[in-house]
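In: Mind folding the following:
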Amino acid sequence: MALQINATNPEHPALLLELPWQLPLEEWPERYLVPLPRGISRHVVRYARAGSEVIAVKELAQRPALREYELLRDLDRIGIPAVDPLAVVTGRSDPAGEPLESVLVTRHLGGSMPYRSMFETTLRPATMHRLMDALAVLLVRLHLAGFAWGDCSLSNTLFRRDAGAYAAYLVDAETGELHPELSVGQRQYDLDLARINISGELLDLEASGALHPSVDPVEFGSEICARYQSLWQELTRTSVYPAGKYHYIERRIRRLNELGFDVAEMQIEHASHGDTVTFVPKVVDAGHHQRQLLRLTGLDAEENQARRLLNDLESWMATQDDYAPGDPLGARPEVLAHRWVREVFRPTVRSVPPDLRGPMDAAEIYHELLEHRWYLSERAQQDIGLDTAVEDYIRNILPKARATLQPTDD
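Out: Now for the predicted structure:
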């Protein structure tokens, strides 16, 4: 059988032909390989260079190679964080004509490391908890998309930090199955496998002396289940809101924040029976909100203020007609953010009289107004609107606040 390369891009076969497919992967010369950390695998896996690309090459039988290739392409189409499939190489044989196993080729995710390698570096427990949060986000997103992983582990997951965010990526889909929807039993089975695999790998690292001494492998394996369940409940419970009750959306965002997650993306779909809201969660590092707000809007704020302002910006963007995440024809987030500053943030802040504002800067004023709107909306059980909140804040809150700041005569 002749060598065949099935690729997603017509440029890749020419680049891949330069690699020594006539040799078993274990025997590839060092000049082709790139020394990068790998997790444990039942298959032979190597990193190699193909032109300007760094690729991951995995040796396995033809049928599972083709199946995994198609599954990874499906995950890419539905926007799931996973490695990018490049090609499947079949029809390999050695110089004596003996057949060799097929190969799955994926693009190396720049700046990433296997979760197992991260835990081998004796990370601080606080950082490990954030890693597990990111893995819980990945599992929830897979299950919401109808994908049963079947082999979640530290070795089969890549970790990458991107602009302060913690993100987990699926790297091995060999045992996965894509369904229209997963049953409770399928999700629970996947979660149990994750707990057992993670605890097993942590026990292995503990035995080798590579694990932080304060980390309990069994407890950390169970933590992924607890974090998953909390996030799943918050994301999947009924999300249809009566028209005008947008403070309900803010309540949901606050609960996600309290769980330790942020909203990476939010979509509002208008329907006759109410507004359906979809959230995409993420895990972020300290100071992320300050950097993100500064990058998008030029506003410099404290971390909690920045988080609050970004939530308001995300909610506002989701109501704009030209907001279309992932659509190249939609307005860029930076464009929408500057529109929000011009049309919402600045007019709102300027509506507060300078003599009542005192030493508060613009970001703090806007944060206070958002908090007041939230309080009034919760009390009224309907969205009050920012204009009404500003009027009430100026009339009832600021005068009292200014009075408490006035010096008193002894």
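
In: what comes up buried for the helix or strand hosting residue 49?
Out: Using DSSP states H and E, residue 49 sits in strand 45-50. Across strand 45-50, burial judged by 16 or more other Cβ atoms under 10 Å covers 45-50. Yep, even glycine has a C-beta here, placed from its N, CA and C like the rest.

In: mind giving me JSON lines with those residues and columns for pLDDT and distance to residue 141?
Out: Formatted as JSON lines, the buried residues of strand 45-50 follow (pLDDT from 0 to 100; distance: Cβ to Cβ, whole Å):
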{"residue": "45", "pLDDT": "92", "distance to residue 141": "24"}
{"residue": "46", "pLDDT": "93", "distance to residue 141": "29"}
{"residue": "47", "pLDDT": "92", "distance to residue 141": "26"}
{"residue": "48", "pLDDT": "92", "distance to residue 141": "29"}
{"residue": "49", "pLDDT": "89", "distance to residue 141": "31"}
{"residue": "50", "pLDDT": "84", "distance to residue 141": "29"}
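
In: Let me know the closest of the residues you listed to residue 112.
Out: Residue 112 lies nearest to residue 47 out of the buried residues of strand 45-50, by Cβ to Cβ, at 11.4 Å.

In: dump the residue contacts of the closest one.
Out: With contacts defined as Cβ atoms under 8 Å, 6 or more residues apart in numbering, the neighbours of residue 47 are 33-36, 38, 54-57, 108.

In: Pull out the buried residues from these.
Out: Of those, these count as buried by 16+ other Cβ under 10 Å: 38, 55-57, 108.

In: what stretches of the stretch 1-150 of the chain score poorly on pLDDT?
Out: For the stretch 1-150 of the chain, residues meeting the criterion pLDDT under 70 lie at 1, 10-13, 121-123.

In: let's see 80
Out: 1, 8-15, 39, 119-127 (pLDDT under 80).

In: Tell me where it has helices.
Out: Listed in chain order, the helices of the stretch 1-150 of the chain (DSSP state H, counting those that start in this stretch) span residues 12-16, 62-77, 115-119, 125-144.

In: which stretches of the stretch 251-400 of the chain form strands?
Out: 262-271, 274-284 (DSSP state E, counting those that start in this stretch).

In: that older thread, what about the buried ones among the contacts of residue 47, which are in strands?
Out: Per DSSP state E, strands hold the following members of those: 55-57.

In: Got the confidence number for residue 302?
Out: pLDDT, residue 302: 78.

In: Next: the one 4 residues further on.
Out: You'll see residue 306 listed with a pLDDT of 85.

In: And for residue 337?
Out: For residue 337, the pLDDT comes out at 91.

In: Next up, the contacts around the nearest residue to it once chain neighbours are set aside.
Out: Residue nearest to residue 337 in three dimensions, not counting chain neighbours: residue 296, with 3.9 Å by Cβ to Cβ, 6 or more residues apart in numbering. Listed by Cβ under 8 Å, 6+ apart, the contact partners of residue 296 are 310, 313, 333-334, 337.

In: Which members of the residues you listed are the farthest-apart pair?
Out: 310 and 334 (13.3 Å).

In: quick one, which of those two is more surrounded?
Out: Each of residue 310 and residue 334 has its neighbours counted (other Cβ atoms under 10 Å); residue 310 has more, 22 against 11.

In: So the more buried one is in contact with residue 294, correct?
Out: No - assessed by Cβ atoms under 8 Å, residue 310 is found out of contact with residue 294, at 10.7 Å.

In: Apart from its chain neighbours, what residue comes closest to residue 81?
Out: Closest residue to residue 81 apart from its sequence neighbours, by Cβ to Cβ, 6+ apart: residue 169 at 4.5 Å.

In: packing partners for the helix or strand hosting that neighbour?
Out: Assessed by DSSP H and E, residue 169 sits inside strand 165-170. The contact analysis (3 or more Cβ pairs under 8 Å, 6 or more residues apart in numbering; DSSP states H and E) places strand 165-170 against helix 125-144, strand 157-162, strand 274-284.

In: how about residue 399, what does it touch?
Out: Residue 399 sits in contact with residue 356, where contact means Cβ under 8 Å, 6+ apart.

In: Name the single longest helix found in the chain.
Out: Counting by DSSP state H, the longest helix found in the chain is helix 184-207.
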